[in-house]
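Chemist: the sequence and its predicted three-dimensional model are supplied below.
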Amino acid sequence: MTTFQADGSVCTVSTLSTEKQEKPNTSESPVIYLPGTDCVIKSQASLSAYTSYRVGGAAQLYIAPRNIEALQAGLKYARERGIPVTVLGAGSNLLVSDRGLPGLVIATRHMRQSYFDPQTGQLTVAAGESIPSLAWQAADLGWEGLEWAVGIPGTVGGAVVMNAGAHNSCTADMLVSAQVLLPNGTIETLTPQELGYNYRTSLLQGSDRIVTQATFQLRPGADPAKVFAVTKQHKQHRLSTQPYNFPSCGSVFRNPKPHSAGWLIEQTGLKGFQIGGAQVAQLHANFIVNRGGAKASDIFSLIRHIQHKVQDQWSIWLEPEVKMLGEFQAACG
Ligand SMILES: Cc1cc2nc3c(=O)[nH]c(=O)nc-3n(C[C@H](O)[C@H](O)[C@H](O)COP(=O)(O)OP(=O)(O)OC[C@H]3O[C@@H](n4cnc5c(N)ncnc54)[C@H](O)[C@@H]3O)c2cc1C
């Protein structure tokens with residue numbers, strides 16, 4: 001739902017009309033709610049439905065809170081039971097083990113709210129807002145600054161954690177501050193300096209803080225048609241150079257600067273190489289695509305195979321950009 005306000009600002013509280021609603025399973029098992037909230041706790045929820053690779057086993061417990069109160073209740077629930085917590089955004093940079101994940105998986109993808117403030121040019125958004133959708137909204141308003149992000153199919157939370165970027169821009173360039181929730185339930189606001197940003201990294205990776213909201217500095221007042229055209233051009237460039245037609249996690253490896261991981265993999269002769277349903281994409285060698293029926297273990301084995309082959313030929317060990325969650329069997333050779 002978008003509200004255009006008298007002062008010209010735009011506030012959006014997204015509904016879930018375009019997304020699969022999470023309906024409790026009323027026929028089979030009793031519905032369990034997170035205490036004090038209307039948030040359903042699912043048990044043995046398949047994570048393949050919540051990751052862009054479309055692979056992975058089940059979460060022992062899974063919740064997708066819509067607001068901070070439910071998120072805090074989820075953390076309290078896990079703390080009181082001494083169970084581990086794993087956080088997911090849109091799952092577009094994750095490889096989840098076929099064995100699934102123990103404890104409580106919290107997906108922030110349904111925490112949705114956005115506010116474009118014309119006085120400051122700042123966009124304040126909840127962690128679950130979709131990055132491409134924000135890029136299109138900004139274009140519609142004639143706000144410059146997010147055109148580069150249109151092809152990144154993640155959430156605000158994932159972008160803040162990963163320092164997502166494209167077309168020579170990245171999240172750190174735009175971020176004013178990020179609001180994070182600590183395991184004890186308190187909220188902190190952090191600056192980009194405090195987040196220790198670098199190429200596709202931040203101090204939030206591997207930390208126990210959950211991003212709940214972020215504020216970005218944009219540049220209002222441009223011609224919407226012009227911003228829209230640049231955004232569209234970026235999207236078309238991505239569609240023509242990257243394999244969006246099969247499930248993937250985007251770039252699998254970080255670029256070992258000054259080299260590009262894709263170039264190294266291609267020069268090693270691995271384009272099209274396949275293990276099970278996992279294949280090094282023909283269109284872009286730094287993508288591993290799920291050609292249908294891939295298991296997480298196929299993708300993991302292919303990652304290891306690429307690392308060893310590139311190491312043999314170039315003496316460079318490629319570091320994964322994709323986050324691997326859960327247990328994986330070490331592959332040989
Ligand atoms: C087709 C395709 C193209 C892509 N292109 C690009 C690209 O050009 N540039 C780029 O940088 N990336 C790209 N990616 C990768 C991915 O979209 C980004 O890394 C994105 O920022 C991940 O966001 P997410 O919400 O999906 O996070 P997830 O994949 O769900 O999670 C990523 C990490 O962030 C953590 N996390 C997520 N949300 C939160 C939160 N609210 N609080 C705390 N931790 C959280 C997770 O625990 C995990 O460690 C692409 C992926 C695909 C599938």
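Modeler: The structure has been received and is ready for your questions. Numbers count the residues shown, from 1 in each chain.

Chemist: pull up the residues of the stretch 151-300 of the chain that are close to the ligand.
Modeler: 151-155, 157-159, 161-162, 164-166, 204, 210-211, 244, 248-250 (CB under 6 Å from any ligand atom). (C-beta placed from N, C-alpha, C; glycine too.)

Chemist: try it again at 5 Å.
Modeler: For the stretch 151-300 of the chain, the residues in contact with the ligand (CB under 5 Å from any ligand atom) are 152, 154-155, 157-159, 161-162, 164-166, 210-211, 248, 250.

Chemist: then the stretch 1-150 of the chain?
Modeler: Counting by CB under 5 Å from any ligand atom, the positions of the stretch 1-150 of the chain adjacent to the ligand are 52, 87-94, 108, 127.

Chemist: quick check, residue 312 in a strand?
Modeler: No. Residue 312 is assigned helix when assessed by DSSP: H, G, I helix; E, B strand; the rest coil, not a strand.

Chemist: residue 156 and residue 211 touch, don't they?
Modeler: Yes. The pair residue 156 / residue 211 is scored as a contact, 7.3 Å apart, by CB atoms under 8 Å.

Chemist: let me see the domain layout of the chain.
Modeler: Per the record, the chain has its domains at 32-107, 118-178+195-238, 245-325, by automatic domain parsing.

Chemist: now do the end-to-end distance for the first one.
Modeler: Using CA to CA, to the nearest Å, the gap from the first to the last residue of domain 32-107 comes to 17 Å.

Chemist: gap between that domain and the chain center?
Modeler: 15 Å (CA atoms, centre = their mean, to the nearest Å).

Chemist: again with the longest one
Modeler: Averaging C-alpha coordinates over domain 118-178+195-238 and over its chain gives two centres that are 12 Å apart (CA atoms, centre = their mean).

Chemist: SS state for residue 221?
Modeler: When classified by three-state DSSP, residue 221 comes out as coil.

Chemist: hang on, it packs against residue 142?
Modeler: Yes. Taking CB under 8 Å as the definition, residue 221 is a contact partner of residue 142 at 6.6 Å.

Chemist: what about these two, which has more around it?
Modeler: Legend: neighbour count by other CB atoms under 10 Å for residue 221 and residue 142, higher for residue 142 (16 against 10).

Chemist: where do the strands sit along the stretch 151-300 of the chain?
Modeler: 165-166, 169-170, 175-181, 187-190, 210-217, 274-275, 278-280, 288-290 (DSSP state E, counting those that start in this stretch).

Chemist: kindly reformat the ones you listed as JSON lines containing mean neighbour count and mean pLDDT.
Modeler: Shown next, in JSON lines, are those (neighbours: other CB atoms under 10 Å; pLDDT from 0 to 100):
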{"stretch": "strand 165-166", "mean neighbour count": "18", "mean pLDDT": "96"}
{"stretch": "strand 169-170", "mean neighbour count": "18", "mean pLDDT": "98"}
{"stretch": "strand 175-181", "mean neighbour count": "22", "mean pLDDT": "98"}
{"stretch": "strand 187-190", "mean neighbour count": "14", "mean pLDDT": "97"}
{"stretch": "strand 210-217", "mean neighbour count": "23", "mean pLDDT": "98"}
{"stretch": "strand 274-275", "mean neighbour count": "18", "mean pLDDT": "98"}
{"stretch": "strand 278-280", "mean neighbour count": "25", "mean pLDDT": "98"}
{"stretch": "strand 288-290", "mean neighbour count": "27", "mean pLDDT": "98"}
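
Chemist: possible to save those as a markdown table with distance to residue 310?
Modeler: Converted to a markdown table, the strands of the stretch 151-300 of the chain look like this (distance: least, CB to CB, whole Å):
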| stretch | distance to residue 310 |
| --- | --- |
| strand 165-166 | 23 |
| strand 169-170 | 25 |
| strand 175-181 | 33 |
| strand 187-190 | 36 |
| strand 210-217 | 33 |
| strand 274-275 | 16 |
| strand 278-280 | 11 |
| strand 288-290 | 13 |
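
Chemist: from residue 193, how far out is residue 203?
Modeler: 10 Å (CB to CB, to the nearest Å).

Chemist: go on, residue 271?
Modeler: To residue 193, residue 271 is 40 Å away according to CB to CB.

Chemist: can you check residue 35 too?
Modeler: Taking CB to CB, one finds residue 35 at 38 Å from residue 193.

Chemist: neighbour count: those two, which is higher?
Modeler: Shown here are residue 35 and residue 193; by other CB under 10 Å, residue 35 has more neighbours (12 against 8).
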